[in-house]
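Enquirer: here is my input, please return the structure:
(one chain, ligands or ions: 1)
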Amino acid sequence: MLVNRPPMGWNTWNTFGAKISEQTIKETVDKFVELGLPKSGYEYIVIDDCWSEKERDPITHKMVASREKFPNGMKAVADYVHSKGLKFGMYSCAGVRTCANYPGSFDHEFLDAETFAEFGCDFLKYDYCFRPQTANGPLLYHRMGNALRACGRDILFSACNWGADDVWRWIRSTGAHMYRSTGDIVDNFTSFTNIVKSQIEKFCYSAPNCFNDMDMLTVGMFGNGNVGSSGCNLTQYKSQFSLWCLMGAPLMLGCDIRKITPEILELITNRELLAINQDPEVRPAFNAEGVPYNTESCSAVLARLLANGDLAVGFFNFCDHEIGATVMFENIGFPFAAGYDLKFKDVFTGEEKIYQERLTCRLDACDCAVFRVTPVKR
Ligand code: GLA
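Expert: Numbers count the residues shown, from 1 in each chain. So this is what the prediction gives:
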């Protein structure tokens with residue numbers, strides 16, 4: 001299976017946690033389609049933990065969907081998702097139990113992959129709780145990687161070991177198409193900025209067929225739901241979504257799609273930002289501040305080469321007071337003497353302006369500015 005761009009979709013965990021059901025999935029899918037999210041590229045509908053019965057079937061040893069939450073079985077849910085032109089994702093764990101204490105796939109990897117294929121599953125998130133201490137991470141992900149490749153269905157393999165065991169060193173070899181690289185996000189500004197700070201220098205390991213996954217977005221949750229926490233404001237969500245786009249991370253939405261506000265819908269369907277996230281060359285963003293990246297600093301300036309010869313440049317304020325952030329063009333490879341100025345197109349307003357040598361942006365608390373940048377011969 002080829003996965004050339006960061007995967008996009010929605011996952012149940014952030015909002016619903018264990019409170020999932022056929023009904024909530026159907027309502028979400030209906031709204032998803034009504035809002036036109038598939039047209040923006042969002043395609044996977046993923047059911048996270050807590051979907052199964054507490055024990056395997058005693059005779060077949062297969063996992064069984066919760067009879068209470070999914071009375072018509074999982075295939076019926078997959079069929080519904082497919083009938084709307086979307087793809088269907090599920091969840092399991094490399095350990096003996098999942099993180100929320102449902103059956104895990106340890107020592108049942110091949111049987112479970114076959115079961116997921118029978119359900120009509122197109123995506124598997126694979127967690128790391130309750131693994132036997134004698135089992136090593138790479139081997140466990142190799143097992144499920146092989147099981148998925150052998151099961152007769154194309155299933156995107158989404159690893160979730162939270163960055164443990166230097167995951168970036170070995171995860172690509174297991175067949176995983178994306179890999180969680182940090183602990184769990186919760187819906188507040190500190191949580192997502194800490195995730196970003198820990199990954200700014202790790203995106204050089206992210207590339208087609210195995211993308212660094214900074215976790216499901218909390219954009220639009222406003223403090224509600226399973227990982228609700230204190231919530232974020234619209235400015236903070238603008239920064240979160242911009243960071244995920246600029247850094248080329250998978251875009252898995254986590255808010256309650258049924259209750260999405262117009263401002264959030266506009267943000268998550270911003271064409272310029274999505275084009276940066278899905279850029280065909282999928283090159284990593286780099287630190288453009290001209291000094292080594294410092295996690296204590298309020299600012300981050302990230303740049304990224306795009307396929308058509310443009311660059312994306314983003315200025316981010318990680319503090320709750322106004323700051324200025326600067327990019328000297330020489331620090332992104334355009335020395336003044338080269339004879340190029342840079343045209344900056346604001347991805348939010350569409351405004352274009354040409355600058356020489358440098359650009360300094362004033363950023364309100366927690367805010368960002370993101371541009372598509374074209375070199376212009378002087
Ligand atoms: C772990 C994962 C989360 C979520 C929960 C489910 O914590 O990192 O993303 O899947 O398990 O229990």
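Enquirer: flag every buried residue along stretch 192-207.
Expert: By 16 or more other C-beta atoms under 10 Å, the buried positions in stretch 192-207 come out as 192-197, 199-200, 202-203, 205-206. Using the backbone N, CA and C atoms, a C-beta is placed for each residue, glycine as well.
Enquirer: can you tell me which of the residues you listed is closest to residue 259?
Expert: For the buried residues of stretch 192-207, the closest approach to residue 259 (C-beta to C-beta) belongs to residue 192, at 20.3 Å.
Enquirer: which residues touch the closest one?
Expert: 185, 214, 218, 232, 240, 243 (C-beta atoms under 8 Å, 6 or more residues apart in numbering).
Enquirer: turn those residues into a markdown table, including distance to residue 285 and neighbour count.
Expert: Listed next are those as a markdown table, based on distance: C-beta to C-beta, whole Å; neighbours: other C-beta atoms under 10 Å:
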| residue | distance to residue 285 | neighbour count |
| --- | --- | --- |
| 185 | 19 | 22 |
| 214 | 12 | 25 |
| 218 | 21 | 29 |
| 232 | 21 | 23 |
| 240 | 15 | 27 |
| 243 | 9 | 26 |
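Enquirer: show me the residues you listed that map onto helices.
Expert: Judged by DSSP state H, helices contain the following of the contacts of residue 192: 240, 243.
Enquirer: the contacts of residue 192: which two are farthest apart?
Expert: Greatest spatial distance in the contacts of residue 192: 214 and 232, 15.0 Å, computed using C-beta to C-beta.
Enquirer: for residue 230, which non-adjacent residue is spatially closest?
Expert: Nearest residue to residue 230 in three dimensions, chain neighbours excluded: residue 188, at 4.7 Å (C-beta to C-beta, 6 or more residues apart in numbering).
Enquirer: what's around that neighbour, how many residues?
Expert: 19 (other C-beta atoms under 10 Å).
Enquirer: enumerate every residue touching it.
Expert: Here residue 188 is in contact with 229-232 (C-beta under 8 Å, 6+ apart).
Enquirer: for residue 229, same thing?
Expert: 186-188, 191, 223.
Enquirer: from these, list just the buried residues.
Expert: 186-188, 191.
Enquirer: how much space between the residue lying closest to residue 72 once chain neighbours are set aside and the ligand?
Expert: Counting by C-beta to C-beta, 6+ apart, residue 72 lies nearest to residue 22, which is 6.3 Å off, once chain neighbours are set aside. Here the distance between residue 22 and the ligand works out to 19 Å (C-beta to the nearest ligand atom, to the nearest Å).
Enquirer: kindly report the same for residue 360.
Expert: 38 Å.
Enquirer: just checking: what are the partner strands of the helix or strand encompassing that residue?
Expert: In this assignment (DSSP states H and E), residue 360 forms part of strand 358-363. Here strand 358-363 is paired, per DSSP bridges, with strand 323-328 (antiparallel).
Enquirer: so which residues make contact with the strand it pairs with?
Expert: Residues outside strand 323-328 that contact it (C-beta under 8 Å, 6+ apart): 288-290, 298-301, 303, 313, 315-317, 357-363.
Enquirer: mind checking how far the top strand by length along the chain is from the chain centre?
Expert: Using DSSP state E to define each element, the chain has its longest strand at strand 368-377. Relative to its chain's centre, strand 368-377 lies at 24 Å (C-alpha atoms, centre = their mean, to the nearest Å).
Enquirer: next, the buried residues of that strand.
Expert: For strand 368-377, using 16+ other C-beta under 10 Å, the buried residues are 368-375.
Enquirer: and which of those is nearest the ligand?
Expert: Using C-beta to the nearest ligand atom, residue 368 is the member of the buried residues of strand 368-377 that lies nearest the ligand, at 24.9 Å.
Enquirer: so what pLDDT did the closest one get?
Expert: Listed pLDDT for residue 368 reads 98.
Enquirer: quick one, what contacts the residue of the stretch 51-200 of the chain found nearest the ligand?
Expert: In the stretch 51-200 of the chain, no residue comes nearer to the ligand than residue 99, which is 3.3 Å away by C-beta to the nearest ligand atom. By C-beta under 8 Å, 6+ apart, the residues touching residue 99 are 49, 93, 127, 129-130.
Enquirer: among the buried residues of stretch 192-207, show me the least confident.
Expert: Confidence by pLDDT is poorest for residue 203 among the buried residues of stretch 192-207, given 92.
Enquirer: is it true that it touches residue 244?
Expert: No: using C-beta atoms under 8 Å, residue 203 makes no contact with residue 244, being 11.4 Å away.
Enquirer: the residue positioned nearest the centre of the chain: what's it in contact with?
Expert: The chain has residue 250 as the residue nearest its centroid, 3.2 Å off, counting by C-alpha atoms, centre = their mean. Residues near residue 250 by C-beta under 8 Å, 6+ apart: 6-8, 158, 178, 211, 213.
Enquirer: among the contacts of residue 188, which are located in strands?
Expert: Taking DSSP E, every one of the contacts of residue 188 sits outside strands.
Enquirer: let me have the residues you listed in JSON lines, extended by distance to residue 110 and pLDDT.
Expert: Shown next, in JSON lines, are these (distance: C-beta to C-beta, whole Å; pLDDT from 0 to 100):
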{"residue": "229", "distance to residue 110": "38", "pLDDT": "97"}
{"residue": "230", "distance to residue 110": "43", "pLDDT": "98"}
{"residue": "231", "distance to residue 110": "42", "pLDDT": "98"}
{"residue": "232", "distance to residue 110": "41", "pLDDT": "98"}
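Enquirer: in a markdown table, list those along with distance to residue 330.
Expert: Output for the contacts of residue 188, formatted as a markdown table (distance: C-beta to C-beta, whole Å):
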| residue | distance to residue 330 |
| --- | --- |
| 229 | 41 |
| 230 | 40 |
| 231 | 40 |
| 232 | 35 |
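Enquirer: which one of those residues is nearest the ligand?
Expert: Using C-beta to the nearest ligand atom, the contacts of residue 188 come closest to the ligand at residue 229, 14.3 Å.
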